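K.L.:
Whatever this is, show me its structure:
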Amino acid sequence: MKKILSCLVLFLPSIGFGQTRASDLPLSGLLSQPGPTFTISDSEIAADPVFIACGDMRFTDPKNTTATFPRVRRYLVSQVAAEKPLAILLNGDVPLAGDNTNDYVVYHDETKPWRDAHLHVFPALGNHEFHGNNPQQDLENWWNAFPEMRNRRWYSAQIGKRVYSISLDSDTSLLTDSDQQKWLVQQISGLAPTIDFVIISLHHPPVADIQKHIEVDHNPRPNEIALRDLLSSLQPNTHAQLIISAGHIHNYERHVVDNVTYLVSGGGGAVPYFVERTPDDLYQSVLFPNFNYVKFTLGKDKLHATMYRVVNPEADQLSVEAKDQFDIPVKPR
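P.N.:
Next up is the predicted model:
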């Protein structure tokens, strides 16, 4: 624990960006078409399928133990593989620095258990994907690492008849009348009537504990607050239950706003952030740090979620424990 706290003091969480911002890149040719971008057929789905949400793993040179904890990161990769999920939803900051192609090499090497198990991986863009002075080259690096996503910054996947995943780009506008928001409205309004759950992953959180003393620059921004307001307006008229998985805050939080569930699952291995928890946070544990992932299990009439937390990141033998569990019932038709 002393080592982790010392890293909190020494680590500077803001990484410099060039004058050209990721949001300034042209969007022509970068939009997904109507309907699901990808489809996983029912024939690939076993009974009670599992989905994993996690983020902020910051794959980089394992010698870097200041900005990230490589031992914990590798352990969580192996734990996720052991869950045998149908899909892994990464909510951003996959590399430490998107302009460093070696960070993606480390991602490729360390996630070999996922490829060996033929797991579907759906990443979302985070701010660390756009590190450096050339965001267009950063995008190229991301697309080279995830070639299925080429020419897309947001996309969707229909996973069988009942689950739909959407990966958004919070480095691009989500404000009213933006291309991304229009696409999202089209996606949700065009859902098949059999879809019971939509899991939306993105990096910056639309809902989080508002910080007043530390990490205040990680509080929800207007861009994501606009998404929250949009989802509040869509949920009453949508059969599918909406679940949001974000990162950026290297901890775990759970909120419900207007019947939409909002998770912060940013404990994938990056240096942990302490959170001053507000009363609206449904996870009130004082334990720290919270290296974690969230496991969703699809049942007949509900989606069951469990947050698994690394018990002691400095133990000789790492292990996880279930520290938060909740059910999201199927919405009556």
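K.L.:
Check what pLDDT the spatially closest residue to Pro205 that is not a sequence neighbour gets.
P.N.:
Among residues not flanking Pro205 along the chain, Ala246 sits closest, at 3.7 Å (CB to CB, 6 or more residues apart in numbering). For the C-beta atoms, the positions are set from N, CA and C on the backbone; glycine is no exception. pLDDT, Ala246: 98.
K.L.:
ok, Ala246 touching Ser201?
P.N.:
Yes. The criterion here is CB atoms under 8 Å, and Ala246 meets it with Ser201 at 7.4 Å.
K.L.:
Comparing the two, which residue is more hemmed in?
P.N.:
Using other CB atoms under 10 Å as the criterion, Ala246 and Ser201 rank with Ala246 on top: 32 against 25.
K.L.:
where does the more buried one fall, phi/psi-wise?
P.N.:
phi -120, psi 170 (degrees, to the nearest 10).
K.L.:
circling back to that earlier point, now the common contact residues for Ala246 and Ser201.
P.N.:
Gly55, Asn91 (CB atoms under 8 Å, 6 or more residues apart in numbering).
K.L.:
With just CA atoms, put the strand or helix carrying Ala226 into CSV.
P.N.:
In the assignment (DSSP states H and E), Ala226 maps to helix 222-234. Presented in CSV, the C-alpha positions along helix 222-234 are these (Å, rounded to 0.1, in the frame of the first residue of the first chain):
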residue,chain,number,x,y,z
PRO,A,222,-20.7,19.1,-20.6
ASN,A,223,-20.0,16.7,-23.4
GLU,A,224,-20.9,13.6,-21.4
ILE,A,225,-23.6,15.4,-19.3
ALA,A,226,-25.4,15.9,-22.7
LEU,A,227,-25.2,12.2,-23.2
ARG,A,228,-26.7,11.6,-19.7
ASP,A,229,-29.6,14.0,-20.5
LEU,A,230,-30.2,12.3,-23.8
LEU,A,231,-30.3,8.8,-22.2
SER,A,232,-32.7,10.1,-19.6
SER,A,233,-35.0,11.2,-22.4
LEU,A,234,-34.7,7.9,-24.3
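K.L.:
so what does it touch, helix or strand wise?
P.N.:
On a contact count with 3 or more CB pairs under 8 Å, 6 or more residues apart in numbering; DSSP states H and E, helix 222-234 meets helix 179-189, strand 241-246, strand 260-265.
K.L.:
Can you mark which positions in it are buried?
P.N.:
Asn223, Glu224, Ile225, Ala226, Leu227, Arg228, Leu230, Leu231, Leu234 (16 or more other CB atoms under 10 Å).
K.L.:
Also stretch 299-310?
P.N.:
So, applying 16+ other CB under 10 Å, buried residues of stretch 299-310: Lys302, Leu303, Ala305, Thr306, Met307, Tyr308, Arg309, Val310.
K.L.:
could you give me the average pLDDT of it?
P.N.:
On average, stretch 299-310 scores 98.
K.L.:
So which residues make contact with that stretch?
P.N.:
Applying CB under 8 Å, 6+ apart, the set of residues contacting stretch 299-310 is 48, 72, 75-76, 79, 196-197, 241, 243, 252, 254, 265, 267, 283, 287, 290-297, 318-330.
K.L.:
Could you do stretch 112-119 as well?
P.N.:
Taking CB under 8 Å, 6+ apart as the rule, stretch 112-119 contacts Val77, Ser78, Val80, Ala81, Lys84, Pro85, Leu86, Ala87, Ile88, Val121.
K.L.:
one more time with 10 Å
P.N.:
Contact with stretch 112-119 is made by 44, 52, 74, 77-88, 108, 111, 120-121, as judged by CB atoms under 10 Å, 6 or more residues apart in numbering.
K.L.:
Tell me which residues touch Asp332, please.
P.N.:
One correction, residue 332 is Pro, not Asp. His239.
K.L.:
and it, helix, strand or coil?
P.N.:
Per DSSP: H, G, I helix; E, B strand; the rest coil, the secondary structure class of Pro332 is coil.
K.L.:
now the helices and strands packed on helix 222-234 in TSV, with distance to His131?
P.N.:
Below are those laid out as TSV (distance: least, CB to CB, whole Å):
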stretch	distance to His131
helix 179-189	21
strand 241-246	19
strand 260-265	21
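K.L.:
Which of these sits closest to Glu140?
P.N.:
Minimum separation from Glu140 across those (CB to CB) falls at helix 179-189, 20.1 Å.
K.L.:
are any of the contacts of stretch 299-310 buried, and which?
P.N.:
Applying 16+ other CB under 10 Å to the contacts of stretch 299-310 flags 72, 75-76, 79, 196-197, 241, 243, 252, 254, 265, 267, 283, 290-297, 318, 320, 323-324, 326, 328, 330 as buried.
K.L.:
Tell me where this protein has helices.
P.N.:
All helices of the chain, identified by DSSP state H, fall at 2-10, 70-82, 101-110, 112-116, 135-145, 179-189, 222-234.
K.L.:
The second one relative to helix 101-110, how many degrees between them?
P.N.:
Computed by axes from the mean of the first three to the mean of the last three CA atoms, to 10 degrees, the angle separating helix 70-82 from helix 101-110 equals 50 degrees.
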